[in-house]
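1. Got a sequence here, can you model it:
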Amino acid sequence: MFNTKSQVTKTNLYAMEKVHLIAIGGSAMHNMALALHEKGFKVTGSDDEINEPSKSRLANAGILPTEIGWFPEKLTADINAVILGMHARADNPELIRAKELGLKIYSYPEYIYEATKNKTRIVVGGSHGKTTITAMILHVMHCHKIETDFLVGAQLEGFNTMVNLTNSSKYAVIEGDEYLASPIDRRPKFHLYKPNIAILSGIAWDHINVFPTFANYVEQFTTFINLIEPKGSLIYCKEDKVLNEICQKTTNESITTIAYTVPENEIIEGTTCLLTNNNKIPLQIFGNHNLMNLNGAKQVCNTIGISDEQFYEAIKSFKGAAKRLELVHKNTSFNFYKDFAHSPSKLKATTDAVKQQFKNRHIIACMELHTFSSLNEDFLNEYNGSMNLADEAIVYFNPHTISHKKLKEITEEQVLKAFNRNDLKVFTKSKDVVNYLTSKKMNNSVLLMMSSGNFDGIDFNELANQLQN
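-> Residues are numbered from 1 along each chain as shown. A predicted model of the protein is given here:
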């Protein structure tokens, strides 16, 4: 790692004026660039590929690089900080030049920590539900006009960017990803935030290219717990057996631990309602995993002084985070949702949520194998039974994606065997997925499309139109 701890903590980011972002086009990085530009910093950056919506958003702010590529000459001695995105490589020519000039180089999470180190940091971690819990907390704080810095992994309704950094807010709400901080810092991102209030939603093995065993993956969460600031709080889902065990055995004795589970609820005419103090509070979200997320978010909000009544009043209008059981289309007999689910635990939880909400409908669940882990032949067996709750299950993968990730080829037969469902349909061309779905009658059905990608460009709105014809 390039920066030492002393280098990071001595720098006052609020005095900075010139910041350069290496790999500015990424989802998180371009939002960081926009946030710093809004803060009044002089922002520059480079990347070898910038796609939409990053391209248009950077252009509208006047900070889109004029050329695509890496340009070491852009790095000058008067730059106050360089932020290194995960997309860049360790031999990046701009990174090399920044080191030669002795510039301050930060990984993305290092920079977030430095900008928020004097605030109450609320860090949301876990293998699933991070974005939703973060979005819920922000939604409630926004409704009650509580100013906060934030970092969230999706574009949220009512917020211009996924990153917000201010001089005046008391709080910082941070989605704590367990993936690596940067090409030159192999620590998980959430190890760098040092929360005052931490929440963990659950543990399900992921990122096997970085954490080759489940035990190694779990160890990262134990480390995270030990990094909670003295007299801080740990809020965790006790429904998760592994998480419950490590939280109860924590050696961080200075913190307060608070467990949460699924709150009392019932489905009334297709609407999930919370049952509390003889009241029925209607929600716009559904599913046990979302209800657990909600209960965790409530515990966080309680910890910073928001009452139950204030929380419930605000959460009624929460529609969910982007691509998290996001409604694409519905009519009287058909609902179409898209979801970010891609890991085995997420597939199962999301499919179960839809099945419980629409017990009398035919559930068609379609997922894309897209991540490094999901396309790894050694990880495939983790999907055993993960889509059994759907009435009909479809899996799509693109052999070109496997080749691009330099992974060993997998076959349709391997996928069938791994998911352990005899009637599973497997496709390797996205047009075949569309053709199959549009050949079916969707009356009294729910379609659930799940991926961290985009099914190689399937336009869900166009698909919804075709399904109605």
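2. What is the burial count for Arg441?
-> Careful, residue 441 is Lys and not Arg. Using other Cβ atoms under 10 Å, Lys441 is surrounded by 10 other residues. The C-beta positions use only the backbone N, C-alpha and C, and glycine is treated the same way.
3. for this protein, which spans come out with low pLDDT?
-> Residues of the chain that meet the criterion pLDDT under 70 lie in 1-16, 469.
4. 50 instead, please
-> By pLDDT under 50, the weakly predicted segments of the chain are 1-10.
5. how does it divide into domains?
-> For the chain, the structural domains run 5-107, 119-315, 326-468, going by automatic domain parsing.
6. Quick one: those domains as TSV, columns for distance to Tyr113 too.
-> As requested, the domains of the chain are arranged in TSV below (distance: least, Cβ to Cβ, whole Å):
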stretch	distance to Tyr113
domain 5-107	8
domain 119-315	5
domain 326-468	25
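7. Next one: Tyr312 from Leu274, what distance?
-> 7 Å (Cβ to Cβ, to the nearest Å).
8. Report the set of residues contacting both of these two.
-> Residues within reach of Tyr312 and of Leu274 at once, by Cβ atoms under 8 Å, 6 or more residues apart in numbering, are Ile281.
9. need the helices for the stretch 51-200 of the chain, in chain order.
-> 54-61, 93-101, 108-116, 130-143 (DSSP state H, counting those that start in this stretch).
10. how about a markdown table for those, with distance to Trp205 and mean neighbour count added?
-> Conversion of the helices of the stretch 51-200 of the chain to a markdown table gives the following (distance: least, Cβ to Cβ, whole Å; neighbours: other Cβ atoms under 10 Å):
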| stretch | distance to Trp205 | mean neighbour count |
| --- | --- | --- |
| helix 54-61 | 30 | 16 |
| helix 93-101 | 31 | 18 |
| helix 108-116 | 22 | 25 |
| helix 130-143 | 16 | 25 |
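11. can you redo the ones you listed as TSV with distance to Ile197?
-> Compiled in TSV, the helices of the stretch 51-200 of the chain are given as follows (distance: least, Cβ to Cβ, whole Å):
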stretch	distance to Ile197
helix 54-61	30
helix 93-101	34
helix 108-116	13
helix 130-143	10
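12. which stretch among these comes nearest Phe190?
-> Each of the helices of the stretch 51-200 of the chain was scored for nearness to Phe190 using Cβ to Cβ, and the closest is helix 108-116 (7.6 Å).
13. same for the closest one, what does it pack against?
-> helix 5-10, helix 27-38, strand 81-84, strand 148-151, strand 171-175, strand 180-182 (3 or more Cβ pairs under 8 Å, 6 or more residues apart in numbering; DSSP states H and E).
14. That helix vs helix 27-38, what angle?
-> Our comparison of helix 108-116 with helix 27-38, counting by axes from the mean of the first three to the mean of the last three Cα atoms, to 10 degrees, yields an angle of 30 degrees.
15. Now do helix 108-116: distance to the chain's middle.
-> Relative to the mean C-alpha coordinate of its chain, helix 108-116 is positioned 18 Å out (Cα atoms, centre = their mean, to the nearest Å).
16. now the angle between strand 171-175 and that helix, please.
-> 170 degrees.
17. can you give me the angle the longest helix anywhere in the chain makes with helix 130-143?
-> For the chain, the longest helix by residue count, based on DSSP state H, is helix 288-303. Angular relation of helix 288-303 and helix 130-143 on a 0 to 180 degree scale: 40 degrees, by the same axes, to 10 degrees.
18. who's in contact with helix 288-303?
-> For helix 288-303, with Cβ under 8 Å, 6+ apart as the criterion, the contacting residues are 122, 124, 128-129, 132-133, 136-137, 140-141, 197, 199, 201, 233, 235-237, 239, 258, 260-263, 265, 272, 274, 283, 285, 308, 310-311, 315, 320, 325, 349-350, 352-353, 356.
19. hmm, try it at 6 Å
-> The contact list for helix 288-303, computed with Cβ atoms under 6 Å, 6 or more residues apart in numbering, reads 122, 129, 132-133, 136-137, 140, 197, 199, 233, 235, 237, 258, 260, 262-263, 265, 311, 349.
20. Just the buried subset of those residues, please.
-> When burial is judged by neighbour count using 16 or more other Cβ atoms under 10 Å, the buried members of the contacts of helix 288-303 are 122, 129, 132-133, 136-137, 140, 197, 199, 233, 235, 237, 258, 260, 265, 311, 349.
21. Gly85 and Gly26 touch, don't they?
-> Yes - the pair formed by Gly85 and Gly26 meets the contact definition of Cβ atoms under 6 Å, at 5.1 Å.
22. neighbour count winner among those two?
-> Set side by side, Gly85 and Gly26 give different neighbour counts by other Cβ under 10 Å, the larger being at Gly85 (24 against 21).
23. ranges for the helices of the stretch 201-350 of the chain?
-> Here the stretch 201-350 of the chain has its helices, by DSSP H, counting those that start in this stretch, at 214-226, 241-248, 288-303, 308-315, 344-357.
24. JSON lines for those, including distance to Val152?
-> Compiled in JSON lines, these are given as follows (distance: least, Cβ to Cβ, whole Å):
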{"stretch": "helix 214-226", "distance to Val152": "18"}
{"stretch": "helix 241-248", "distance to Val152": "22"}
{"stretch": "helix 288-303", "distance to Val152": "13"}
{"stretch": "helix 308-315", "distance to Val152": "16"}
{"stretch": "helix 344-357", "distance to Val152": "18"}
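25. Which of the ones you listed sits closest to Asn60?
-> helix 308-315 (30.3 Å).
26. so the closest one versus helix 130-143, what angle?
-> Helix 308-315 and helix 130-143 are oriented at 110 degrees to each other (the same axes, to 10 degrees).
27. which parts of helix 308-315 are buried?
-> Residues of helix 308-315 classed as buried under the neighbour-count rule (16+ other Cβ under 10 Å) are Phe311, Tyr312, Ala314, Ile315.
28. now swap in stretch 241-252 and tell me
-> Neighbour-count burial for stretch 241-252, counted by 16+ other Cβ under 10 Å, picks out Val242, Leu243, Asn244, Ile246, Cys247, Asn252.
29. As CSV, could you dump the C-alpha coordinates of that stretch?
-> What follows is stretch 241-252 as a C-alpha-only set of coordinates in CSV (Å, rounded to 0.1, in the frame of the first residue of the first chain):
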residue,chain,number,x,y,z
LYS,A,241,-26.4,-18.5,12.0
VAL,A,242,-22.8,-17.6,11.2
LEU,A,243,-23.2,-13.9,11.8
ASN,A,244,-25.0,-14.5,15.0
GLU,A,245,-22.2,-16.7,16.2
ILE,A,246,-19.4,-14.3,15.5
CYS,A,247,-21.3,-11.3,16.9
GLN,A,248,-22.0,-13.1,20.2
LYS,A,249,-18.3,-14.1,20.4
THR,A,250,-16.9,-10.7,19.6
THR,A,251,-13.8,-9.7,21.6
ASN,A,252,-14.6,-6.0,21.1
